[in-house]
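*Asks:* Kindly generate the corresponding structure for this input.
(2 chains)
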Amino acid sequence: MPIHKVISPLTGSIWKIELTVGQAVTAGQSAVILESMKAEFSIDAPVTGIVQEIVLSEGDEVYEDDVIFTIEADD
Amino acid sequence: MFNKVLIINRGDSASRVIRTLNKMKIASVVVYSEIDADLPYIKEATESYAIGPSPAQKSYLNQDVLLDVLQKSGADAVHPGFGFLSENADFAQKVENTGAKFIGPSPKWLSKMANKNVARAIMSKYGLPIGKGSGKLSDNPDEIKKAGRDIGFPVLVKPAGGGGGIGMLPAYNEEELLKVVQEARTMAQRAFDDGELYLEKYFEKPRHIEFQVLADQHGHVTHFFERDCSIQRRHQKLIEESPAVGLDRNEINQLADKITEILADIGYDNIGTVEMLRDSQGHYSFLEMNTRLQVEHGVSEEINGIDLVEAQIRCAAGEQLETIVDNQKAPNGHAIEVRIYAEDPKTFFPSPGKLLKFSAPTIDGIRIETGFAQGTTVSPFYDPMVAKVIAHAETRQEAIAKLLIALKHFEIVGIKTNIPFLIDVLNSDKYQLGQLDTGFVKEFLNTIGEKHAHS
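*Replies:* Predicted coordinates:
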């Protein structure tokens, strides 16, 4: 089953992670909230599956294209 | 007059205040966080102090550290700039408790106007036009529905202690209202540590018209006409101008005079902006009062020929208004400001980074305010503004033309900016014809077929 890497679209910091490893998620479900330049940006799960790994933690700095978490998709 | 002023702000805001302090021969003290150590404003000041880590909570919003710098530097006044602690009544009180002067409205007014229900009650009592509102909203679902019915749908749910559009949500019927109130309460609690909400009539596409005021400590108040700040995206202002295009001058001057009278009656002091909405039928409604110098003060300075920072400092030092301001009562020409943000011009995602190349044009009638220089970094820790460009000309058309030339001559490498978007807006027929309302940007984006990439 394919592993989806979810990458950050921007440079900022991780404000909130709403997932845990092993959790089942549905495509479109809110997953991570980033903060950059006084604004919040929500990242949704791109596919339905199981959270395999969470690479970054709340409060971490994040750069554009960094992997934040991975999902093993149900295909 | 003060001997030394501590500026508790960064970037263009600090540079702006230093410029006036230099002119007035007053020493300046600035503070900087780790990431800001190379910014130009630090060298422009007489003295500077490092105040710790980059996140604003640990530096520019850290009251204890700032009060410590106040004591160490021996400054006899504090200028808050715009943003950060500029409207914080507790901090202003703490500054005044040390014997130093907070250059802004007194803590009493910072505190009263910060609660929008209190501000609305004051303005409505003194007869300023104001749309129907609920006052402090109850927790009881039946009472919430009744409050919505009394005003008439659609209504706008707003946090009483809020700002920046956070937790502001429209509702078109009773069911939606209950849902939206819950959402807004959570957001308001998280962002402002205050879940108090109220409802007001929702205007779909009003114009945002605000009035610049100045007051001394002796009961005198004057105004510097209006600014139209209708060009906004997600409640963030993009383009501001003065005077507002196509409005009846008599009517707007009467409103400005009315505001001035009210503020004199209540004993308001120092500086402020009274924000109003104007609906498509021409009715005005009080929105809120900002108790500070604003980012967009420059357009009012241009058409009134005044230095508002100097005026504000002299008022705070106890001078009489009549010694500070000439009684000029007609705007001189037209001024427009655009804000250059570090963001992708299509997706609007933030684009912080190092300015590998940064050069701004020098053009007659164009004023540029920036806190950055080539080689410095626009960091993700603070707001995305890279520069403000203010054009002043005899007519609106000439001001637009000047702005377009200036924007095309910026050279910025290393970050993405909204300059292409600003150029498109200034070039549009709708903008040039002065057909402005707060729905402008959304409609503009729809017509050019760009989708918002995020919520």
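*Asks:* ok now do B:Ser285, which residues does it touch?
*Replies:* The contact partners of B:Ser285, taken as C-beta atoms under 8 Å, 6 or more residues apart in numbering or on different chains, are B:129-131, B:201, B:203, B:206, B:276-279. C-beta here means a position set from N, CA and C on the backbone, and glycine is covered the same way.
*Asks:* could you redo the last one with a cut-off of 6 Å?
*Replies:* Listed by C-beta atoms under 6 Å, 6 or more residues apart in numbering or on different chains, the contact set of B:Ser285 reads B:129-131, B:277.
*Asks:* Write the PyMOL selection for whichever of these are buried.
*Replies:* Typed into PyMOL, the line below selects the buried ones among the contacts of B:Ser285, using 16 or more other C-beta atoms under 10 Å in any protein chain shown:
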select buried, chain B and resi 130+131+277
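*Asks:* ok, the contacts of B:Ser285 vs chain A, which is closest?
*Replies:* B:Leu277 (23.6 Å; C-beta to the nearest C-beta).
*Asks:* how much space between B:Leu287 and chain A?
*Replies:* Distance from B:Leu287 to chain A, counting by C-beta to the nearest C-beta, to the nearest Å: 21 Å.
*Asks:* Which residue ranges of chain A form strands?
*Replies:* According to DSSP state E, chain A carries its strands in the segments A:3-7, A:12-17, A:24-25, A:30-36, A:39-44, A:49-54, A:61-62, A:67-73.
*Asks:* Just give me the neighbour total for B:Thr447.
*Replies:* By other C-beta atoms under 10 Å in any protein chain shown, 10 other residues sit near B:Thr447.
*Asks:* That one and chain A, how far apart?
*Replies:* 24 Å.
*Asks:* and if you look at B:Phe84?
*Replies:* Computed as C-beta to the nearest C-beta, the B:Phe84 to chain A distance reads 11 Å.
*Asks:* B:Tyr60 is in contact with that residue, correct?
*Replies:* Yes: B:Phe84 lies in contact with B:Tyr60 (C-beta atoms under 6 Å); the separation is 4.7 Å.
*Asks:* what does chain A put close to chain B?
*Replies:* Contact residues, chain A versus chain B (C-beta under 6 Å from any C-beta of the partner chain): A:9-12, A:36-38, A:41.
*Asks:* ok, 8 Å please
*Replies:* A:9-13, A:35-39, A:41-42 (C-beta under 8 Å from any C-beta of the partner chain).
*Asks:* Distance to B:Glu96 added to the residues you listed, as JSON lines?
*Replies:* Listed next are the residues of chain A next to chain B as JSON lines, based on distance: C-beta to C-beta, whole Å:
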{"residue": "A:Pro9", "distance to B:Glu96": "45"}
{"residue": "A:Leu10", "distance to B:Glu96": "40"}
{"residue": "A:Thr11", "distance to B:Glu96": "39"}
{"residue": "A:Gly12", "distance to B:Glu96": "36"}
{"residue": "A:Ser13", "distance to B:Glu96": "35"}
{"residue": "A:Glu35", "distance to B:Glu96": "33"}
{"residue": "A:Ser36", "distance to B:Glu96": "35"}
{"residue": "A:Met37", "distance to B:Glu96": "32"}
{"residue": "A:Lys38", "distance to B:Glu96": "28"}
{"residue": "A:Ala39", "distance to B:Glu96": "33"}
{"residue": "A:Phe41", "distance to B:Glu96": "39"}
{"residue": "A:Ser42", "distance to B:Glu96": "41"}
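*Asks:* tell me the pLDDT at the closest residue to B:Gly163 other than its chain neighbours?
*Replies:* In space, and not counting its chain neighbours, B:Gly163 is closest to B:Phe192: 7.9 Å by C-beta to C-beta, 6 or more residues apart in numbering or on different chains. Looking at B:Phe192, its pLDDT is 83.
*Asks:* got a list of what B:Phe192 touches?
*Replies:* Each residue near B:Phe192 by C-beta under 8 Å, 6+ apart is listed here: B:159, B:161-163, B:166-167.
*Asks:* Tell me the one among those residues nearest to B:Glu394.
*Replies:* Of all these, B:Glu394 sits closest to B:Gly163, with 35.3 Å by C-beta to C-beta.
*Asks:* Output the contacts of B:Ser285 in TSV; the columns should cover pLDDT, secondary structure and distance to B:Arg233.
*Replies:* Shown next, in TSV, are these (pLDDT from 0 to 100; DSSP: H, G, I helix; E, B strand; the rest coil; distance: C-beta to C-beta, whole Å):
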residue	pLDDT	secondary structure	distance to B:Arg233
B:Pro129	94	coil	27
B:Ile130	94	coil	26
B:Gly131	89	coil	23
B:Leu277	95	strand	17
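*Asks:* which one of the contacts of B:Ser285 sits closest to A:Val55?
*Replies:* Closest to A:Val55, out of all of these and judged by C-beta to C-beta, is B:Leu277, at 45.4 Å.
*Asks:* so what's the residue in the stretch 201-350 of chain B that chain A sits nearest to up against?
*Replies:* Per C-beta to the nearest C-beta, B:Pro350 is where the stretch 201-350 of chain B lies closest to chain A, at 4.2 Å. Shown in contact with B:Pro350 (C-beta under 8 Å, 6+ apart): A:10-12, A:36-37, A:39, B:342-343, B:380, B:384.
*Asks:* Which of the residues you listed scores worst on pLDDT?
*Replies:* Among the contacts of B:Pro350, pLDDT bottoms out at A:Ala39, giving 85.
*Asks:* can you pull the pLDDT of the nearest residue in space to it that is not next to it in sequence?
*Replies:* With C-beta to C-beta, 6+ apart as the criterion, A:Ala39 has its nearest non-adjacent residue at 6.7 Å, and that residue is B:Pro350. pLDDT, B:Pro350: 93.
*Asks:* Need phi/psi at B:Pro350.
*Replies:* Backbone torsions of B:Pro350, given as degrees, to the nearest 10, read phi -60, psi 150.
*Asks:* how close does it sit to B:Tyr341?
*Replies:* 8 Å (C-beta to C-beta, to the nearest Å).
*Asks:* Identify the contacts common to those two.
*Replies:* B:Pro384.
*Asks:* how about residue 11, what does it touch?
*Replies:* Picked chain A for this. Going by C-beta under 8 Å, 6+ apart, A:Thr11 touches A:36, A:62-64, B:350-353, B:380.
*Asks:* wrong one, I was asking about chain B
*Replies:* B:36, B:39, B:41, B:370-372, B:382, B:385.
*Asks:* and if you look at B:Ser242?
*Replies:* Residues in contact with B:Ser242, defined by C-beta under 8 Å, 6+ apart, are B:225-228, B:299-300, B:302-303, B:331, B:334-335.
*Asks:* Please apply the same query to B:Phe421.
*Replies:* Residues in contact with B:Phe421 (C-beta under 8 Å, 6+ apart) are B:345-346.
*Asks:* let's see 6 Å
*Replies:* Contacts for B:Phe421 (C-beta under 6 Å, 6+ apart) come out as B:Pro345.
*Asks:* Confirm that it sits in a helix.
*Replies:* Yes: the assignment for B:Phe421, made by DSSP: H, G, I helix; E, B strand; the rest coil, places it in a helix.
*Asks:* Settle it for me: which of B:Phe84 and B:Tyr60 has more neighbours?
*Replies:* Legend: neighbour count by other C-beta under 10 Å for B:Phe84 and B:Tyr60, higher for B:Tyr60 (25 against 19).
*Asks:* Just the pLDDT for the more buried one.
*Replies:* pLDDT recorded at B:Tyr60 is 97.
*Asks:* what separates it from B:Val30, distance-wise?
*Replies:* Here B:Tyr60 is placed at a distance of 11 Å from B:Val30 (C-beta to C-beta).
*Asks:* same thing with B:Gln320?
*Replies:* Per C-beta to C-beta, B:Gln320 is found 30 Å from B:Val30.
*Asks:* need the residues of chain B near chain A, please.
*Replies:* B:349-350, B:352, B:380, B:383-384, B:454.
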